[in-house]
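>>> With the sequence up front, the predicted model follows.
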Amino acid sequence: MLFFKYFSKLPFFVLYGISDFAYFIIYRIVGYRKKVVFKNLQNSFPEKTDKEIKHIAQNFYKHIADIFIEFLKGYSITKEQINERVQVINIEVLKKYTDKNQSIIIVTGHIGNWEWLLHPLNLSGIPMDIVYQRLSNPLFNKLTLFIRSRFSITPLIEKEETLRKTIQRKDITRALVMGSDQSPQNWKSAYWTAFLNQDSGFFTGTERIARKFDYPVIFSEMRRISRGYYEIEFTEIASSAEFNSLPIGEITERFVRILDKSIQKFPADYLWSHRRWKHKRANEDVVKTNFRELKS
């Protein structure tokens, strides 16, 4: 941990120089998950040429190298640096509820710098309950916990503890922050829909918790403005007043649609190295069609 502490104190221009070198290693030399990245991109954007796919892939590797460096910088980054580099453009979308003592759910995906997303949220003055998935490597799990909770007034919540902790803290006004775009662990209970031109399963816990506790659901989009600079914009997905009139799955569907549009705008900034589509819908034939035309 001492190494990460001192490494994080290097100035940004030095860190981005290291990032450039890391990009060369992971893309040009090692080829980290190259087959996965290119397959995901080709399946998600069948209309793009090989040249366009390669361009997105190269920019993705540059982006992921920056993300890792910026994540480590989080060990010692100051509040002033966060406020300078990450702009929240419409915090009022959250505060219109929390100012009335109404808890909310903030749902997001792995786009932009999802690590730096947490810091301005923790500095917003709204208590944040951040859900995280424990890492298998003890050192990186400890490091991640420390960095993600630096400006937080409450401990992070392990994914498996989400429901129990939500019940325990239901009388405290707060925002429950959940990433909901990765492969669900329980495929039998997953919600299936079109996402990036593919039949995709989604974790349903966000919608189930929202309905159980009447928490409005708000999407957080993080956009990269330039290297090391981002902005966050919130979009309301569903208010609790709508829940009774919405069919089961509609909240998840709205999240998927808005995330899909965000990735279409910033394709290189999504986490393409994840084996997102390694499982298929059980007991059904997946129709090979253009899902974007099916669900506009």
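The structure has been received and is ready for your questions.
>>> any weak-confidence spans in this structure?
In the predicted model of the chain, residues 283-296 satisfy pLDDT under 70.
>>> now the longest helix belonging to it: how far from the chain's centre is it?
Ordering each helix of the chain by length in residues (DSSP state H) puts helix 50-73 first. Mean C-alpha position of helix 50-73 versus that of the full chain (CA atoms, centre = their mean, to the nearest Å) differs by 16 Å.
>>> and that helix, what does it pack onto?
Under the contact definition 3 or more CB pairs under 8 Å, 6 or more residues apart in numbering; DSSP states H and E, helix 50-73 sits against helix 12-23, helix 34-44, helix 114-122. Every residue, glycine included, has its C-beta placed from N, CA and C.
>>> switch to 10 Å and redo it
Under the contact definition 3 or more CB pairs under 10 Å, 6 or more residues apart in numbering; DSSP states H and E, helix 50-73 sits against helix 2-7, helix 12-23, helix 34-44, helix 79-85, helix 114-122, helix 138-148, strand 217-226.
>>> Deepest-packed of those, please.
helix 114-122 (a mean of 22; mean count of other CB atoms under 10 Å).
>>> Next, the angle strand 217-226 makes with that helix.
With axes from the mean of the first three to the mean of the last three CA atoms, to 10 degrees defining the directions, helix 114-122 sits at 120 degrees from strand 217-226.
>>> With just CA atoms, put helix 114-122 into CSV.
Only the C-alpha atoms of helix 114-122 are listed here, as CSV (Å, rounded to 0.1, in the frame of the first residue of the first chain):
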residue,chain,number,x,y,z
TRP,A,114,-16.6,5.1,-13.0
GLU,A,115,-14.0,5.3,-10.2
TRP,A,116,-13.9,9.1,-10.2
LEU,A,117,-17.7,9.1,-10.3
LEU,A,118,-17.8,8.2,-6.6
HIS,A,119,-15.7,11.1,-5.3
PRO,A,120,-17.9,14.0,-6.4
LEU,A,121,-21.0,12.1,-5.2
ASN,A,122,-19.4,11.6,-1.8
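>>> Can you list the strands that the next helix or strand after it pairs with?
The C-terminal neighbour of helix 114-122 among helices and strands, as given by DSSP states H and E, is strand 128-132. Note on strand 128-132: by DSSP bridges, its sheet partners are strand 157-158 (parallel), strand 175-179 (parallel).
>>> Report the buried residues of stretch 67-82.
Going by neighbour count (16 or more other CB atoms under 10 Å), the buried part of stretch 67-82 is 67, 69-77, 82.
>>> Residue 184: which of the residues you listed is nearest?
residue 67 (23.1 Å; CB to CB).
>>> now that closest one, nearest residue through space, not along the chain?
Of all residues not flanking residue 67 in the chain, residue 113 sits nearest, at 5.6 Å (CB to CB, 6 or more residues apart in numbering).
>>> Return the residues in contact with the one you found.
Residue 113 is in contact with 63, 66-67, 70-71, 74, 85-86, 119, 222-224, 228-230, 269, counting by CB atoms under 10 Å, 6 or more residues apart in numbering.
>>> again, but for residue 154
With contacts defined as CB under 10 Å, 6+ apart, the neighbours of residue 154 are 122, 127-130, 165, 169, 172, 174.
>>> Taking these together, which two end up most distant?
Longest distance between any two of the contacts of residue 154 is 16.9 Å, between 122 and 165; criterion CB to CB.
>>> what's the burial count for residue 26?
Neighbourhood size, residue 26 [other CB atoms under 10 Å]: 19.
>>> cool, the one 4 residues further on as well?
If you count neighbours by other CB under 10 Å, residue 30 ends up with 10.
>>> Now it: phi and psi?
phi -80, psi -40 (degrees, to the nearest 10).
>>> go on, residue 234?
The phi/psi pair for residue 234 (degrees, to the nearest 10) reads phi -100, psi 140.
>>> does the closest residue to it other than its chain neighbours sit in a helix or strand, and which one?
Of all residues not flanking residue 234 in the chain, residue 93 sits nearest, at 4.0 Å (CB to CB, 6+ apart). Assigned by DSSP H and E, residue 93 belongs to helix 92-98.
>>> and that helix, how far out from the chain's middle?
Put simply, helix 92-98 sits 21 Å off its chain's centre (CA atoms, centre = their mean).
>>> Give me the sheet partners of the helix or strand just after that helix and which way each runs.
Downstream of helix 92-98, the next assigned helix or strand under DSSP H and E is strand 104-108. Using DSSP bridges, the strands paired with strand 104-108 are strand 175-179 (parallel), strand 217-226 (parallel).
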